[in-house]
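Visitor: Here is the input, now give the coordinates:
(one chain, ligands or ions: 2)
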Amino acid sequence: MADPIKVGRTQVGIVGAGPAGLILAHLLHLEGIDSVVLEMRTRKYIEERVRAGVLEQGTVELLADMGVGDRLKREGLVHHGVEFRFNGQGHHIDFQALVGRSITIYAQQEVVKDLVAARLASGAPIVFEAADVTVHELTSKSPKIRYRKDGVEHELVCDFIAGCDGFHGVCRASIEKSLTMYERTYPFAWLGILAQAPPSSHELIYANHELGFALLSMRSPEISRLYIQCDPDEDIANWPDARIWEQLHLRFATRDGKWKLTEGPVIQKNIAEMRSFVADPMQYGRLFLAGDAAHIVPPTGAKGLNLAATDARVLARALANFYSSGNTDLMDRYSQICLRRCWKVQHFSWWMTSMLHRIPGESAFDRQRQLAELDYVTSSRAASTALAEHYTGLPFTI
Ligand code: APR
Ligand code: PHB
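Guide: Ligands and ions are numbered 1, 2, ... in the order given. Okay, here's the model as predicted:
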């Protein structure tokens, strides 16, 4: 006879312990709403996964308000602007002067570590290594999540399910037939390295060069994060460290020859594809999608984590309203509220991507138009204000 299924109960079942799932779980906890987080990976894996590292001011404020901002405040690097570099010249975009706002550099896996610690300190569960997660009866009042843990089958009966399981998760895949999907892939990718080298600039540098895009970012005063544009089907084996450094030197070089890139041992190397994706609506019955499960942006605008955080914020507010007063207005408008912001962020991320990369097959006309756009964005107060407003984060509205 088959082993019996172990049945559990919670108010909100959350699939995925990335930023979206963990922020949602903690916000719900602060509202007195219980949840169970199911994560297919180990704690070590999610706490070491190298991702982006730019937090909008609103995300920093959210994490601080949630009580998980202490280490971020101590270790995060506050930046008041960024540099755009093209035609061998740097142009500073001063966020503070233009919109009075800033961004903070703090790696996504550090945000994840802080959120996991807060969650476990609150005594609420994260089930790591939850295998074969599936979602059921989504249009009923008691949707269910089934999974296996240590060989035992579980069923979690919920009031609501939050699909925070990223782009390759099961939640969106289970409701795909009822969604409209919008997608765009880009004919280039990013080769990223982490290097044990002090950042060569105190600000991020986005460079548009004849050889392709390059980005200088950082993780700490000792660690640089650097990216170069490459072909999407590029084999990383073709990129020994020396070739990457050579390209970085060329792409960041200034006309006066004075700018210097500091090299150091490469401690991590990866190639990431570039994609824009939106699923509409972000809800089906009592299943709500949040973060990368619902949308993907190319990394040029540094928006993925920030967009995941705002989805979680809207969903937590909607659930809190429901549990405190039975009011479903925000739940009904969840998708509409999130998609309105998402499409603006999609536009910004696409715009940054098209302005900064070399587009394969572009005409000489297109190249000149792109350089004129960069010239305009870095010299017009109106244009750079729009960029600063987007980059530091649009206001949170519901
Ligand atoms: N069952 C359980 N967990 C799953 C499943 C599954 N079937 N599929 C995926 N997961 C987990 C992943 O292991 C991951 O930990 O869901 C989590 C999703 O987290 P993220 O991919 O980080 O997505 P999200 O929380 O939406 O955060 C968006 O992450 O992709 C980056 O750069 C992107 O910054 C953005 C942020
Ligand atoms: C990063 O630090 O990893 C980073 C910074 C800016 C981006 C994308 C990634 O636009």
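
Visitor: distance of residue 395 from ligand 2?
Guide: 21 Å (CB to the nearest ligand atom, to the nearest Å). C-beta here means a position set from N, CA and C on the backbone, and glycine is covered the same way.

Visitor: Ignore what I typed, I meant residue 199.
Guide: Per CB to the nearest ligand atom, residue 199 is found 10 Å from ligand 2.

Visitor: Please apply the same query to residue 92.
Guide: For residue 92, the distance to ligand 2 - CB to the nearest ligand atom - is 16 Å.

Visitor: What pairs with the helix or strand harbouring that residue, parallel or antiparallel?
Guide: Per DSSP states H and E: residue 92 is located in strand 89-94. Strands that pair with strand 89-94, judged by DSSP bridges, come out as strand 81-86 (antiparallel).

Visitor: neighbouring contacts of the partner strand?
Guide: Strand 81-86 has contacts (CB atoms under 8 Å, 6 or more residues apart in numbering) with 90-96, 201, 203-209, 252, 254, 356, 371, 374, 377-378, 388, 391.

Visitor: Near ligand 1, which residues of the stretch 101-250 of the chain? Just list them.
Guide: 108, 130, 133, 164-166, 169-170 (CB under 6 Å from any ligand atom).

Visitor: now with 8 Å?
Guide: Residues of the stretch 101-250 of the chain found near ligand 1, taking CB under 8 Å from any ligand atom as the criterion, are 108, 112, 130, 132-133, 147, 164-171.

Visitor: Can you get me a residue count around residue 28?
Guide: 23 (other CB atoms under 10 Å).

Visitor: what residues are up against it?
Guide: Contact analysis of residue 28 by CB under 8 Å, 6+ apart lists 11-12, 34-35, 316, 319-320.

Visitor: And residue 206, by the same measure?
Guide: Residue 206 makes contact with 82-85, 213, 215, 300, 352, 356, according to CB under 8 Å, 6+ apart.

Visitor: Could you export the residues you listed to CSV, including columns for neighbour count?
Guide: Shown next, in CSV, are the contacts of residue 206 (neighbours: other CB atoms under 10 Å):
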residue, neighbour count
82, 24
83, 18
84, 23
85, 24
213, 21
215, 23
300, 23
352, 23
356, 24
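
Visitor: Which members of the residues you listed additionally contact ligand 2?
Guide: Among these, ligand 2 is touched by 215, 300, 352 when using CB under 8 Å from any ligand atom.

Visitor: Just the ones in strands from the residues you listed, please.
Guide: Those of the ones next to ligand 2 among the contacts of residue 206 mapping onto strands are residue 215, per DSSP state E.

Visitor: for the ones next to ligand 2 among the contacts of residue 206, which one is nearest residue 140?
Guide: Nearest to residue 140 among the ones next to ligand 2 among the contacts of residue 206, counting by CB to CB, is residue 300 at 41.4 Å.

Visitor: residues near the closest residue to residue 17 other than its chain neighbours, how many?
Guide: Ranked by CB to CB, 6 or more residues apart in numbering and with sequence neighbours excluded, the top spatial neighbour of residue 17 is residue 39, at 3.7 Å. Neighbourhood size, residue 39 [other CB under 10 Å]: 24.

Visitor: go on, residue 146?
Guide: As a burial measure, residue 146 scores 15 neighbours (other CB under 10 Å).

Visitor: Pull the contacting residues for it.
Guide: With CB under 8 Å, 6+ apart, residue 146 has these contacts: 5, 132-134, 136, 153-156.

Visitor: distance of it from residue 301?
Guide: 37 Å (CB to CB, to the nearest Å).

Visitor: Same check on residue 32?
Guide: Counting by CB to CB, the gap from residue 32 to residue 301 is 35 Å.

Visitor: how's this protein carved up into domains?
Guide: What automatic domain parsing lists as the domains of the chain is 6-79+103-183+275-355, 186-274+360-392.

Visitor: Tell me the helix or strand right after the helix ranked longest in the chain.
Guide: The longest helix of the chain (DSSP state H) is helix 329-356. Per DSSP H and E, helix 329-356 leads on to helix 364-379 as the next helix or strand towards the C-terminus.

Visitor: That following helix vs ligand 2: in contact?
Guide: No: if you take CB under 8 Å from any ligand atom as the test, helix 364-379 misses ligand 2, and the best it gets is 15.3 Å.

Visitor: Now do that helix, average pLDDT.
Guide: Mean pLDDT, helix 364-379: 98.

Visitor: Ok, stretch 225-244 next?
Guide: 97.

Visitor: Stretch 202-219 now?
Guide: pLDDT averaged over stretch 202-219 gives 97.

Visitor: likewise stretch 391-398?
Guide: What stretch 391-398 shows for mean pLDDT is 96.
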